[in-house]
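Trainee: quick one, what's the 3D model for this:
(one chain, ligands or ions: 1)
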Amino acid sequence: MTLLPSNKALVPFVSVDHMMQLINHTGLTQMMIGLCEYIENDFKRWELFDKTPRVASHSAEGVIELMPTSDGEVYGFKYVNGHPKNTKDGLQTVTAFGLLADVTTGYPVLLSEMTLLTALRTAATSAMAAKFLAPKGATTMAMIGNGAQSEFQSLAMQAICGITHVRLYDIDPLATEKAAAHLAAAGLEITTCKTAQDAIEGAEIITTCTADKQNATILTDNMVGSGVHINAIGGDCPGKTELHRDILLRSDIFVEFPPQTRIEGEIQQLTDDHPVQELWNVISGQTLGRRSDSQITLFDSVGFAIEDFSALRYIRDLIDGTAFFTPLDMLADPDDPRDLYGMLQRAK
Ligand code: NAD
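Mentor: Got it, this is the predicted structure:
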């Protein structure tokens, strides 16, 4: 929180423009590494967080969700939508903003755009999972779905897991062309593919990040060989999945928060007692991630509130002492805290 000379409490607000300046100033690779560290640290102290499946409001076109959590000292939430048909009207599928607050006073300490930040945190979380689950020495990733998230997913894998080659596929060739141009400029070897089957050829890591409000089958069982790691990012709502059920039955499945993933993830296709492992157990060293070369590991990602909390914490620390925010007058601050009415009268 920033204080004006009058001691008026102002809340730092990171706009989309400031976020872009901050990312370009810090460097995207550095941001991915920093975010991954913050997320890893919070996954290691997973048990002390308040955890609840996100609160979702569904419509025919998409979903609007609130994602709250707290570590007892700081509270955070994100507002996020998912509307796959939006891009047809020139709108984003996913937009978001989020807030951090001090638990002691309940006062907000940061308000931030989170559309860009969600792309970064989702990518950093995928790369963190792959660091623990993917085959050692993996160099090639298939990136299926080349929309807004795709470059971030690929660059996080480059920065954190050492991927050097990305094989791109999207049903829309223009999306693939766009991602190919961006990623080649970032120093990755790029292969554009005509089918999903072609894209996964020789890939040790397969990332699916498509948007369609249906039970899609981006990968069928016969396409997936032994030993690969799959990041399933796009299936994140009831009735919105990407993988054939048979792939799930052959995989060791890792999830963020099981009560939320059972509602929203690929595992909504399985019975509620189907065994899954919690990713935080692997990150904190309590269980082993990959145990053999032939194992198929699957990160059934839906995005959990703690990742957004970590991302907001990272931004709060990063903007300290910089000009990459606007102080926002969003807290009523009467001289006498019980005289809100008097403050209104004096403003006339
Ligand atoms: P986007 O609309 O920008 O891109 C999605 C791409 O998928 C489009 O280019 C589209 O042509 C392509 N696509 C659709 N069906 C396909 C198919 N059958 N095969 C190949 N490509 C196909 O969306 P985005 O912002 O990149 O988000 C992608 C998905 O990731 C969304 O479903 C979103 O809800 C999800 N998401 C998940 C998380 C998480 O934490 N797990 C976070 C953010 C977004």
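
Trainee: and for L331, the neighbour number?
Mentor: Neighbour count for L331, taken as other CB atoms under 10 Å: 12. For every residue, glycine as well, the C-beta is placed using N, CA and C.

Trainee: with adjacent residues omitted, what lies nearest to the residue of the chain found nearest the ligand?
Mentor: Of all residues in the chain, G147 sits closest to the ligand, at 1.7 Å by CB to the nearest ligand atom. With CB to CB, 6 or more residues apart in numbering as the criterion, G147 has its nearest non-adjacent residue at 5.8 Å, and that residue is A175.

Trainee: rewinding a little: neighbours around the residue of the chain closest to the ligand, how many?
Mentor: Quick note: G147 (other CB under 10 Å) scores 20 neighbours.

Trainee: for Y341, same thing?
Mentor: 9.

Trainee: and for T220?
Mentor: T220 has 13 nearby residues by other CB under 10 Å.

Trainee: repeat that for E61.
Mentor: E61 has 12 nearby residues by other CB under 10 Å.

Trainee: restricting to C-alpha, output stretch 25-32 in CSV.
Mentor: Only the C-alpha atoms of stretch 25-32 are listed here, as CSV (Å, rounded to 0.1, in the frame of the first residue of the first chain):
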residue,chain,number,x,y,z
HIS,A,25,11.7,-4.7,-18.5
THR,A,26,12.2,-7.9,-16.5
GLY,A,27,12.4,-10.3,-19.5
LEU,A,28,9.9,-13.0,-20.1
THR,A,29,12.4,-15.8,-19.3
GLN,A,30,13.3,-14.2,-16.0
MET,A,31,9.6,-13.7,-15.2
MET,A,32,8.8,-17.4,-15.9
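
Trainee: so what touches it?
Mentor: 23, 34, 120, 123-124, 127, 152, 155-156, 158-160, 318, 324 (CB atoms under 8 Å, 6 or more residues apart in numbering).

Trainee: and which of the residues you listed is nearest S310?
Mentor: S310 has its nearest neighbour among those in A124, at 8.7 Å by CB to CB.

Trainee: before we move on, the earlier item: so what's the residue nearest to G147 up against?
Mentor: Counted by CB under 8 Å, 6+ apart, A175 has contacts 146-147, 150.
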